[in-house]
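A.B. asks: Structural data only, the sequence is not supplied:
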Ligand SMILES: Nc1nc2c(ncn2[C@@H]2O[C@H](COP(=O)(O)OP(=O)(O)OP(=O)(O)O)[C@@H](O)[C@H]2O)c(=O)[nH]1
Ligand SMILES: [Mg+2]
């Protein structure tokens, strides 16, 4: 079974309440206030891991709760903070809150985000003591932790997305170029859920996603609709497959492009390669006239291939062109989505998958980082390696803090921060620690 969305109830821990208490000792009849503060509630944190591939585990675990902070107690005992809940999710997971707003978009291994903040603990009465108020009887209550019913969504991170009408030969192509074994049949809508496969050419791998066929009106929900297009939203390249036996081939092509456009302008702007399929039984003149008809709408320069999955005609040439374009796009978006691929076939959480199970392994994922700009003066930096360094930094020590600044520079983070408008007085937060960027 393939799960790509799940509804979950997310609840951060409540803050503990402060205590009202007075010292009682034998020889001190009127002891001062000694009620301790409440502990902070735990956060709910989502962390992406390459070791998970599906949202299967959320099907039966719809409640994700962090621990509450403990109440304060007498003798100035502060309540213990509630433990954070760290939820592991696959790379490519997006979390939305109840209003549909994206609260986390985790795109590389180790990337993490607090999705619900624990409540502050309340002050105990000792806090309220002053020269004019010797016996305060007030204490604060803890603040409730954030909570909402949210939605988790997994977007498969494929390099190439296959689009086309049903029966165009998409799944057959995938089965010939990869080790995926999707269902293939001579009727429409054979494929009901996405398939993934890894294609290899000249010792290079890339990931292909095969989705159910589109038809005219898919964006209005016709056929299986356009809901599977989200799985190829992040691909670098689209491979548009068209049955060479199609009548009015140019109209067929345009019909699919219209549906893509209605779904998203982003998708229509993606690099596209066109392949005429099933040419094994056709005469060269027919193929040539079909290509000519297609060129009327796609122009003379568009990459158009004539292939047969059955006789393997032109398959390697097509794969080479796909690889070339995938690389070009990745180079252009340097830093995002460079994944080494690893296939782990079989079972996930004891359940057989319809999908070949793909492990996405980020190369040197520890080195990856990203910046969240809260304002011109406040930035958050995420990334496994830089967070580790920040946690080891003693900010009270000038040399230690400067070493972290050096590392920020070496990793290219400082340059990106200044490009985004940060200066020496900007506050930088890494792993929950905030400091001034300082002179670079
Ligand atoms: N002769 C020939 N037949 C092909 C070729 N590729 C696919 N077919 C046939 O075309 C039919 C449809 O193939 P599929 O791969 O299931 O098509 P699809 O695009 O995945 O279809 P949906 O999943 O319904 O969207 C099957 O009967 C295939 O055997 C080819 O290169 N040559
Ligand atoms: Mg199919």
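C.D. replies: Sure, I can see it. Computed from a prediction, not measured in an experiment: that's the story for all the values here. Ligands and ions are numbered 1, 2, ... in the order given.
A.B. asks: State the distance from the closest residue to residue 114 other than its chain neighbours to residue 431.
C.D. replies: Sequence neighbours aside, residue 43 is the residue nearest to residue 114 in space, at 4.7 Å (criterion: CB to CB, 6 or more residues apart in numbering). Bear in mind the C-beta positions are built from the backbone N, C-alpha and C, glycine included. From residue 43 over to residue 431 the distance is 13 Å, taken as CB to CB, to the nearest Å.
A.B. asks: More neighbours: which of the two?
C.D. replies: More neighbours surround residue 43 than the other of residue 43 and residue 431, with 23 against 18 (other CB atoms under 10 Å).
A.B. asks: List the contacts of the residue of the stretch 301-440 of the chain found nearest ligand 2.
C.D. replies: When scored by CB to the ion, the stretch 301-440 of the chain has residue 309 as its residue closest to ligand 2, at 11.7 Å. By CB atoms under 8 Å, 6 or more residues apart in numbering, the contact set of residue 309 is 169, 172-173, 175-176, 277-278, 315.
A.B. asks: ok, so what distance separates it from residue 395?
C.D. replies: Using CB to CB, residue 309 is found at 60 Å from residue 395.
A.B. asks: Retrieve the pLDDT associated with residue 284.
C.D. replies: Per-residue pLDDT puts residue 284 at 95.
A.B. asks: Can you name the residues bridging to the residue in the stretch 201-350 of the chain positioned nearest to ligand 2?
C.D. replies: At 6.0 Å from ligand 2, residue 210 is the closest residue in the stretch 201-350 of the chain, using CB to the ion. Note on residue 210: beta-bridge partners residue 162, residue 195, judged by DSSP bridges.
A.B. asks: Kindly tell me how buried it is, as a neighbour count.
C.D. replies: Other residues near residue 210 come to 31 when the count uses other CB under 10 Å.
A.B. asks: same thing with the one 4 residues further on?
C.D. replies: For residue 214, the number of neighbouring residues by other CB under 10 Å comes to 26.
A.B. asks: OK, contacts around the closest residue in space to it that isn't next to it in sequence?
C.D. replies: With sequence-adjacent residues excluded and distances taken as CB to CB, 6+ apart, residue 214 is closest to residue 259, at 5.1 Å. With contact set as CB under 8 Å, 6+ apart, residue 259 has these partners: 214-219, 226.
A.B. asks: How much space separates residue 80 from residue 68?
C.D. replies: 10 Å.
A.B. asks: between the two, which one's more packed in?
C.D. replies: residue 68 (28 against 16).
A.B. asks: That one and residue 149: what is the separation?
C.D. replies: Per CB to CB, residue 68 is found 19 Å from residue 149.
A.B. asks: what stretches of the stretch 51-200 of the chain score poorly on pLDDT?
C.D. replies: 53, 60-61, 156-157 (pLDDT under 70).
A.B. asks: can you give me the helices in it?
C.D. replies: Remark: helices assigned in the stretch 51-200 of the chain by DSSP state H, counting those that start in this stretch are 170-177.
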